[in-house]
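Colleague: Pasted the sequence and its predicted model underneath.
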Amino acid sequence: MPQLLAVLALVSGAHAASSQSLPWRYGAFIDGGSEGSRIYVMRWKPSLDPEGEIICPEIIGDKSTAPGVASFALNHTGAGASLEPLVEYTKKLMHSERGQWAHMPLYLRATAGMRLLFPEQRESILDNIRTYFRTLPFLFRDDMASVATGEEEGVFGWISANYLMGNLRPDKVPNASSTIGSLDLGGASAQIVFIPQKSIIQHAFPLRLGPHQLQVYSYSFLRFGIREAAHHAAMLVISDALMSVQSENSIKHPCFSKGYVYIPKFSYSDQSFAPIQVSMKGTSDFEGCEALVKRIFDKNAPCLIEQCSFYGVYQPRVLDVKFLAFSHFADIAGDLGVPEKGRLEDLLVAARYVCSLSRAQLDLLFKRVQDETIRMHLCFHATFAVTLLHSGYGIEENDILFKSNHNGQPIDWAVGAMMYAINQDNKLSRPLVNVSTAHVLDV
């Protein structure tokens, strides 16, 4: 290795070309989401000079399974076994590279569904998963299966978005004007990450990518994912009904269509049920829905510093930052026919329209949305997305891209997490075998 490094120091410009001729490295990353788990199998070109390059993995296969690992809170012994279909998929996909299996890292990072559990439940689930992973032929350490913090999840999504958009290059330091902010909306949490045009005084995440050291603003709002928000809104409707002494049959929900009866489920698993079950009749009322959703956001919480978003959380001004909204944001925009490159006004117009429809009209005009539950939730989803972006984050005239993939590659925090891991660990970023001096010089 010292001989190799000496040659590298003498051969200017050889690193990139020689790296491209090296054999691929492989790894797998499991996104343990609140509603299901998905494995991404990736490959990347190792580097002879990791500190001078940004190594970017590409996805060669993925597979999902349900339910999510958080659903095993009351029966943790099934958590590891629930991931077996993902592992078997990886073995089959990588059969021709089985000689590398022992060097292929296998990561699992669980998200907000696990962050919502009690600590003992989280650790029992993780311990069961780790026990299962230790039996596998892949590279694994116990610290490679964990719960991602909300801020990590957001930053990894930002990395994925900016890498795919071509904004992360070793020869150009990322800044506010050369990068794009990321907006992630999951089932249980929502994340906003961007490089502000002015300094960050709280919630700064230090980041090293290749030769660059930078800071991004990152904040994750737990319980502000699309499903948790629906739960919160339903509880407000129930509370209002109880306060006005309504009977169960007369409870109305403004975010659902006339002719539709909504029965909220306050669980991520079909094996557990809420202590109260009610039926809510839709009223097709955008103004009522917007007023209900705004109550979820505590905009009146004390803001003890310069600028806050909601619940008293500091956030730098977004000014004219460009954003990429992916995950459920992109799904909602796509279901409503909002242009990929749009403005918040486009989403607001679509929300007003879809919230005015009866169930029969919704079924007819949006039959392309094949999942009935998603179709029936379009009004709530759209209204919540608009409210979060505008009232929550303060986004107004900013350009927003609503998309979940770019050039055939998914924009996903798990991809950014693998990219982050590779660029922090020289054992993953460098080639598996020693490279001879002759090979280095042959460029």
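Modeller: That came through fine.

Colleague: quick one: contacts for residue 329?
Modeller: Residues in contact with residue 329 (Cβ atoms under 8 Å, 6 or more residues apart in numbering) are 183, 184, 185, 385, 402. All C-beta spots, glycine's among them, are computed from the backbone N, C-alpha and C.

Colleague: could you redo the last one with a cut-off of 6 Å?
Modeller: 183, 185, 385 (Cβ atoms under 6 Å, 6 or more residues apart in numbering).

Colleague: With residue 367 instead?
Modeller: Shown in contact with residue 367 (Cβ under 6 Å, 6+ apart): no residues.

Colleague: Next: the one 10 residues further on.
Modeller: Listed by Cβ under 6 Å, 6+ apart, the contact set of residue 377 is empty.

Colleague: Give me the contacts around the longest helix seen in the chain.
Modeller: The helix that spans the most residues within the chain, counting by DSSP state H, is helix 226-243. Helix 226-243 has contacts (Cβ under 6 Å, 6+ apart) with 185, 187, 188, 251, 253, 264, 266, 292, 295, 296, 328, 384.

Colleague: Any idea how many residues pack against the fourth one?
Modeller: By that I understand residue 251. 20 (other Cβ atoms under 10 Å).

Colleague: any idea how far it lies from residue 376?
Modeller: Between residue 251 and residue 376 the computed distance is 16 Å (Cβ to Cβ, to the nearest Å).

Colleague: Please apply the same query to the second one.
Modeller: Separation of residue 187 from residue 376 (Cβ to Cβ) stands at 17 Å.

Colleague: now do residue 56
Modeller: Residue 56 is 39 Å from residue 376, by Cβ to Cβ.

Colleague: With residue 426 instead?
Modeller: 51 Å.

Colleague: between those two, who's got more neighbours?
Modeller: Between residue 426 and residue 376, residue 376 has the larger neighbour count (other Cβ under 10 Å), namely 22 against 12.

Colleague: Report the distance from the longest helix of the chain to the chain centre.
Modeller: Its chain's average C-alpha position is 25 Å from that of helix 226-243, according to Cα atoms, centre = their mean, to the nearest Å.

Colleague: and it, which residues are buried?
Modeller: Judged by neighbour count (16 or more other Cβ atoms under 10 Å), helix 226-243 contains these buried residues: 226, 227, 228, 229, 230, 231, 232, 233, 234, 237, 238, 241.

Colleague: Stretch 36-54 too?
Modeller: 36-50, 53-54.

Colleague: now do stretch 398-409
Modeller: Buried residues in stretch 398-409 (16+ other Cβ under 10 Å): 398, 400, 401, 402, 403, 404, 406.

Colleague: who does whatever helix or strand residue 28 lives in touch, helix- and strand-wise?
Modeller: Element membership of residue 28 [criterion: DSSP states H and E] is strand 25-32. Secondary-structure packing of strand 25-32 (3 or more Cβ pairs under 6 Å, 6 or more residues apart in numbering; DSSP states H and E): strand 37-44, strand 106-110, helix 413-424.

Colleague: Next, count neighbours for residue 397.
Modeller: 10.

Colleague: do you know how far it is from residue 192?
Modeller: On the measure of Cβ to Cβ, residue 397 and residue 192 end up 17 Å apart.

Colleague: Only the C-alpha atoms, please, for stretch 44-51, written as CSV.
Modeller: C-alpha atoms of stretch 44-51 as CSV (Å, rounded to 0.1, in the frame of the first residue of the first chain):
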residue,chain,number,x,y,z
TRP,A,44,-20.1,1.5,-7.1
LYS,A,45,-16.6,2.0,-8.5
PRO,A,46,-14.0,2.1,-5.7
SER,A,47,-11.4,4.9,-5.7
LEU,A,48,-7.7,5.0,-5.3
ASP,A,49,-8.1,8.5,-3.8
PRO,A,50,-11.3,8.5,-1.7
GLU,A,51,-10.5,11.9,-0.2
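
Colleague: How about residues contacting the longest strand along the chain?
Modeller: For the chain, the longest strand by residue count, based on DSSP state E, is strand 212-222. Contact with strand 212-222 is made by 112, 115, 150-151, 154-155, 173-174, 189-196, 200, 203-207, 316, as judged by Cβ under 6 Å, 6+ apart.

Colleague: Would you mind getting the angle between it and helix 226-243?
Modeller: 30 degrees (axes from the mean of the first three to the mean of the last three Cα atoms, to 10 degrees).

Colleague: got the phi/psi numbers for residue 403?
Modeller: Main-chain dihedrals, residue 403, degrees, to the nearest 10: phi -160, psi 150.

Colleague: Where does the prediction get shaky in the stretch 251-400 of the chain?
Modeller: When residues are selected by pLDDT under 70, those of the stretch 251-400 of the chain lie in 267-276.

Colleague: Strands of that one, residue ranges please.
Modeller: In the stretch 251-400 of the chain, the strands defined using DSSP state E, counting those that start in this stretch lie at 252-253, 261-262, 280-282, 323-327, 341-342, 400-402.
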